[in-house]
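Trainee: Here is my input, please return the structure:
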Amino acid sequence: MATFNRIGVLAHPLRPQTAPVAEQIAAYLRAHDVEAWYSANWDDEQVRARVQGSDMVIAIGGDGSMLRAARVCSLYGVPVLGINMGYLGFLTEISGPDRWEQPLETVLDGTYWIEERMMVRAALVRNGLTVASGDALNDVVISRQVATRMILLETYIDKDWATTYNADALIIATATGSTAYALACGGPILPPELRNILIVPVAPHLSMDRPIVLSEGATVEVIAAQENNTGIVLTLDGVLTGDVQPGDTVEVHASPFVSRFVRLRERNYFYRSLLDRLEPRIPVRAEPERKQI
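Mentor: Here you go, the predicted model:
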């Protein structure tokens, strides 16, 4: 396992309560002879330079924080260790802000493994020019702006026309994203080690309504039909990336970068972790006492 010489700690920019935890972790690392830095400004170029020179980044927050950290750190191959201060924390490894010391000690001792997850890259192309692009760990979503109108999306797989969706939105997801928005729309659950691209329509009407699973090497092109007369937007991992005009093309394929996460659990952790969140944990109640007549 790698030796950690420099570790960054990212507090959540919109959750002030994460800053004291970040400071405590940074102080702990320095006490263990590890150079440490922390920040709550994730998009600053100085922070990106710090990430580039780090051996690991600790992200504090929920799954949104993990997605954001993964996008930044994947550019430099830096692994991410997540501490949950959100709701689900499906991507995080440490369950809470008061439980980080022992797991972090375990990581520093070298008892961990690195999980790699595929990402996708999307480009918004208008008149042959790319007007917006980016990588996503969860999904690329092309969706309507007006709640009362559906949109027409001509979809091509590897340059061949597949179908035209008449739907509220179209989700193009990774295996990681299969347990997010795509799952809520009836898509299949894919284990995170799979390198596939998943297409799932949202509320399709009189059009293809089944999810499609593609290989890693596939390319998906989605053209906003000229008949569309409502606003369409493109989001990557929930972040607004651009407005899609009629005739625009959204091109999606596997990203050259992968997200890397520091794991302490067993390698088969995924299914138990998922089911713990999906299955209702209803306590068994005793039968009520019945009055004797």
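Trainee: Identify the residues contacting Leu67.
Mentor: For Leu67, the contacting residues are 91, 137-138, 237-238, by CB atoms under 8 Å, 6 or more residues apart in numbering. In this view, the C-beta of every residue, glycine as well, is placed from N, C-alpha and C.
Trainee: Find the pair from these with maximum spatial separation.
Mentor: Taking CB to CB as the measure, the contacts of Leu67 reach their widest spread between Leu91 and Gly238, a distance of 13.5 Å.
Trainee: neighbour count winner among these two?
Mentor: Each of Leu91 and Gly238 has its neighbours counted (other CB atoms under 10 Å); Leu91 has more, 29 against 15.
Trainee: The nearest residue to the more buried one once chain neighbours are set aside: which element?
Mentor: In space, Leu91 comes closest to Met66 once its chain neighbours are excluded; the distance is 3.9 Å by CB to CB, 6 or more residues apart in numbering. Here Met66 is covered by helix 63-74, with elements defined by DSSP states H and E.
Trainee: got the CA coordinates for that helix in PDB?
Mentor: Coordinates of each C-alpha in helix 63-74 appear next as PDB, following Å, rounded to 0.1, in the frame of the first residue of the first chain:
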ATOM      1  CA  ASP A  63     -23.100  11.600  -1.600                       C
ATOM      2  CA  GLY A  64     -23.200  15.000  -3.300                       C
ATOM      3  CA  SER A  65     -19.800  15.700  -1.700                       C
ATOM      4  CA  MET A  66     -18.400  12.400  -2.800                       C
ATOM      5  CA  LEU A  67     -19.500  13.000  -6.400                       C
ATOM      6  CA  ARG A  68     -18.000  16.500  -6.400                       C
ATOM      7  CA  ALA A  69     -14.700  15.200  -4.800                       C
ATOM      8  CA  ALA A  70     -14.600  12.300  -7.300                       C
ATOM      9  CA  ARG A  71     -14.800  14.600 -10.300                       C
ATOM     10  CA  VAL A  72     -12.000  16.800  -9.000                       C
ATOM     11  CA  CYS A  73      -9.700  14.000  -7.800                       C
ATOM     12  CA  SER A  74     -10.200  11.700 -10.800                       C
END
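Trainee: Which stretches in the stretch 151-293 of the chain count as strands?
Mentor: 151-157, 160-167, 169-173, 197-202, 212-214, 220-224, 232-236, 239-244, 249-263 (DSSP state E, counting those that start in this stretch).
Trainee: Would you format those strands as TSV with distance to Tyr112, mean pLDDT and mean neighbour count included?
Mentor: Below are the strands of the stretch 151-293 of the chain laid out as TSV (distance: least, CB to CB, whole Å; pLDDT from 0 to 100; neighbours: other CB atoms under 10 Å):
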stretch	distance to Tyr112	mean pLDDT	mean neighbour count
strand 151-157	38	98	20
strand 160-167	41	98	17
strand 169-173	27	98	25
strand 197-202	29	98	24
strand 212-214	31	98	18
strand 220-224	35	98	21
strand 232-236	29	98	21
strand 239-244	29	96	18
strand 249-263	5	98	20
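Trainee: Gly187: which of the ones you listed is closest?
Mentor: Closest among the strands of the stretch 151-293 of the chain, using CB to CB: strand 197-202, at 4.0 Å.
Trainee: quick check: angle from the closest one to strand 160-167?
Mentor: Interaxial angle, strand 197-202 versus strand 160-167 (axes from the mean of the first three to the mean of the last three CA atoms, to 10 degrees): 30 degrees.
Trainee: can you list the domain ranges for this structure.
Mentor: 6-111, 119-256 (automatic domain parsing).
Trainee: between those, which gets nearest to Arg265?
Mentor: Judging the domains of the chain by CB to CB, what sits closest to Arg265 is domain 6-111, at 7.2 Å.
Trainee: What is the neighbour count of the nearest residue to Arg126 once chain neighbours are set aside?
Mentor: Among residues not flanking Arg126 along the chain, Asp248 sits closest, at 5.0 Å (CB to CB, 6+ apart). Neighbourhood size, Asp248 [other CB under 10 Å]: 21.
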